[in-house]
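Q: The following comprises the amino acid sequence and a computationally predicted model.
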Amino acid sequence: MNDLIVGHVIESVTEQELRLFLRLLHRSYLTSRSDLVLIFSSQSDLAIFKSVIEEENESFSKLVNRSREANGSFTSFDVTRFVKSTKKEKEWGEPIWGRRTRSNYSENGETESTRLSYGSVVSFVADELDPENSLAGFLDHVPMSLRRWACYPMLLGRVRRNFKHMMLVDAREVFLFGDPLSRLRTRSPESVHLATESTISKQGEKNSAKTPSQSVSPAVVMGGARGVRRLSNAMLTEIVRAVTQHKRKNPVTDSGLVNQLVGNEFLLKNANVVASTESIPDTRSLTGSNSNSNSSSPLSLSKIHPCSAWQ
C-alpha cells in the first residue's frame, strides 16, 4: 500500500465510537490504498477493543467478497476499487505487517487474472512504541493526546520507506468520508496539510461579545511521509519545551502546542505546512447532505459530535 493511516485511541473512547471510525474507514475505500495502524494507551484498552476490530474487519471482508460474487450488483459499494491486476503483483510486494489478504477473481471474458487486495489493520500499545514513556519525567500524567507524539518517531521512522503519504487521526474525534488524502498525492513529500476548526475568542475585557476564529486542529495531520515525520518530531520537542517552563500557568494541550508550532516558521523550516481554509464540519452539519464517497471536499472529514453520532 502507498499510504498509512495512524489512528490514536484516547482513553475515553467507547466501543461504539471506535466501531463507527472503523466502519466508515472501510466504506470510504481508503483501505484500497492504505494500511491502518491503531495506537492504544494500554494493553487493557487493546484487550477491550480487540473484538470490535476483529468484527469490523470480518464484516468488511464479507462485504467485499459478497460484492465480488454479485458481479457489481451492489450499487452502494464499488468492489472494483479492491480488484488488482496480478501483473502489478511484484510492484506491490507483501505488506510489512504480514501477508496480504486476497483471493482469485476473474470476470467473464477476461484473460488476465485479478485479485482482491486491501490494506492491513494493525494495533500497537503505546509502551511498544514508546517503551520508556518519554514524557513521564515531565508530566505526572501523560494523556494519550500527548503521548501519541512520543510514539510516532519509532513507528514512522521504521516505515518511512514503505509509504508515500501518511495521516495521523484521532479515532474518537474524527471520522472519514471519501479519500481526504487524494488532494495530497501530487504534492511534495515535505508537504503537511492541517484542517482548521472554529474556536471562540473574546473581543476585549469591556466587550463581552465573543466571535469565532480559526485555529488548526491536531485531530488530523496528513501529508507526505517526510513532512508528517518532521512535524511529529518537532511537536514532541515542543511538548518537552512547554512542560519544562517553570512559570507556565496554562495546562499543556496538543491543540495549543500545534498552533504555536505552525506559527513558528523557524521550527518547521523543513516542512511545507499548509493550514487549510476548510474547517472540519460537525456531524450535525451533515444532516441531509449527499456526501460522495469519492469526494475530497471538506466533507471528507467530520468532527464527531457526542450527541449526534449515534442518533
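A: Received the coordinates, thanks. The structure presented is a predicted model; accordingly, all values stated were derived computationally and were not measured.
Q: ok, which stretches of this protein are strands?
A: Under the criterion DSSP state E, the chain carries strands at the ranges 3-9, 34-40, 83-85, 104-105, 114-116, 121-125, 165-170, 174-176, 191-202, 210-224, 272-279, 301-303.
Q: With distance to R68, mean neighbour count and mean pLDDT as extra columns, can I get those in JSON lines?
A: Every residue, glycine included, has its C-beta placed from N, CA and C. Compiled in JSON lines, the strands of the chain are given as follows (distance: least, C-beta to C-beta, whole Å; neighbours: other C-beta atoms under 10 Å; pLDDT from 0 to 100):
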{"stretch": "strand 3-9", "distance to R68": "23", "mean neighbour count": "25", "mean pLDDT": "95"}
{"stretch": "strand 34-40", "distance to R68": "20", "mean neighbour count": "24", "mean pLDDT": "95"}
{"stretch": "strand 83-85", "distance to R68": "8", "mean neighbour count": "16", "mean pLDDT": "74"}
{"stretch": "strand 104-105", "distance to R68": "6", "mean neighbour count": "14", "mean pLDDT": "46"}
{"stretch": "strand 114-116", "distance to R68": "6", "mean neighbour count": "19", "mean pLDDT": "73"}
{"stretch": "strand 121-125", "distance to R68": "20", "mean neighbour count": "18", "mean pLDDT": "95"}
{"stretch": "strand 165-170", "distance to R68": "27", "mean neighbour count": "25", "mean pLDDT": "94"}
{"stretch": "strand 174-176", "distance to R68": "23", "mean neighbour count": "22", "mean pLDDT": "82"}
{"stretch": "strand 191-202", "distance to R68": "33", "mean neighbour count": "17", "mean pLDDT": "67"}
{"stretch": "strand 210-224", "distance to R68": "30", "mean neighbour count": "19", "mean pLDDT": "77"}
{"stretch": "strand 272-279", "distance to R68": "35", "mean neighbour count": "16", "mean pLDDT": "72"}
{"stretch": "strand 301-303", "distance to R68": "29", "mean neighbour count": "23", "mean pLDDT": "61"}
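Q: Out of those strands, flag the one nearest N65.
A: strand 114-116 (7.5 Å; C-beta to C-beta).
Q: wait, what's in contact with A234?
A: A234 makes contact with L261, L267, L268, A271, according to C-beta atoms under 8 Å, 6 or more residues apart in numbering.
Q: Pick the one among the residues you listed closest to S182.
A: Out of the contacts of A234, the member with the shortest distance to S182 (by C-beta to C-beta) is A271, at 20.5 Å.
Q: How much space separates the closest one from F77?
A: Using C-beta to C-beta, to the nearest Å, A271 is found at 37 Å from F77.
Q: The two: which is more packed in?
A: A271 (23 against 18; other C-beta atoms under 10 Å).
Q: can I assume that one is in contact with M235?
A: No - under the criterion of C-beta atoms under 8 Å, A271 makes no contact with M235, lying 10.7 Å away.
Q: If you rank the contacts of A234 by neighbours, which is first?
A: Top of these by neighbour count (other C-beta under 10 Å): A271, with 23 neighbours.
Q: can you pull the pLDDT of that residue?
A: A271 is assigned a pLDDT of 79 by the prediction.
Q: Could you pull out the helices in the chain for me?
A: Listed in chain order, the helices of the chain (DSSP state H) span 15-27, 43-69, 89-92, 126-129, 144-158, 225-243, 254-262.
Q: just to revisit the earlier point, with M144 as the reference, name the closest of the strands of the chain.
A: Here strand 3-9 is closest among the strands of the chain (C-beta to C-beta), at 6.0 Å.
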